[in-house]
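> Everything below, folded, please.
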Amino acid sequence: MWKVIIHCSADGWRNYATAFREIADKYPAGTLLSSRKLKGDERRIMEYEFEDANDAEALMQECMTLEGFVAAFEST
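Residues are numbered from 1 along each chain as shown. The predicted model follows:
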């Protein structure tokens, strides 16, 4: 299994939430494990789980095209 961890700033979310959702919808094989909005600076952290490493890597790369988004994936 592979986990994609996505961090985004409050500004990034305000500007690109719709675009992010469109990207995430392209990967229905991914399971959303958690989505948190942090108090204070309102950053968001989202975690998805995939069976296929290629899907995990593709989601990670697409998310990083959005300003204010950073993503990484790891084996679980």
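
> Can you list the helices and strands that the longest helix along the chain packs against?
In the chain, ranked by residue count with DSSP state H as the criterion, the top helix is helix 10-25. Applying 3 or more C-beta pairs under 8 Å, 6 or more residues apart in numbering; DSSP states H and E, one finds that helix 10-25 makes contact with strand 2-8, strand 44-50, helix 53-63, strand 69-75. (C-beta placed from N, C-alpha, C; glycine too.)

> okay, the angle between it and strand 69-75?
50 degrees (axes from the mean of the first three to the mean of the last three C-alpha atoms, to 10 degrees).

> on contacts alone, who are the packing partners of the helix or strand following helix 10-25?
The helix or strand immediately downstream of helix 10-25 is strand 31-37, counting by DSSP states H and E. If you count contacts as 3+ C-beta pairs under 8 Å, 6+ apart, strand 31-37 packs onto strand 44-50.

> any idea of the mean pLDDT for the strand it packs on?
Strand 44-50 comes out with an average pLDDT of 97.

> same check, this time on stretch 64-76
95.

> Let me know the outermost residue of the chain.
Gly40 (20.3 Å; C-alpha atoms, centre = their mean).

> mind checking how far that one is from Ile6?
19 Å (C-beta to C-beta, to the nearest Å).

> Ok, Glu49 next?
12 Å.

> Tell me which of those two has more neighbours.
Ile6 (23 against 16; other C-beta atoms under 10 Å).

> Next one: that one from Leu32, what distance?
Distance from Ile6 to Leu32, counting by C-beta to C-beta: 10 Å.

> Quick check: neighbours shared by the two?
46-48 (C-beta atoms under 8 Å, 6 or more residues apart in numbering).
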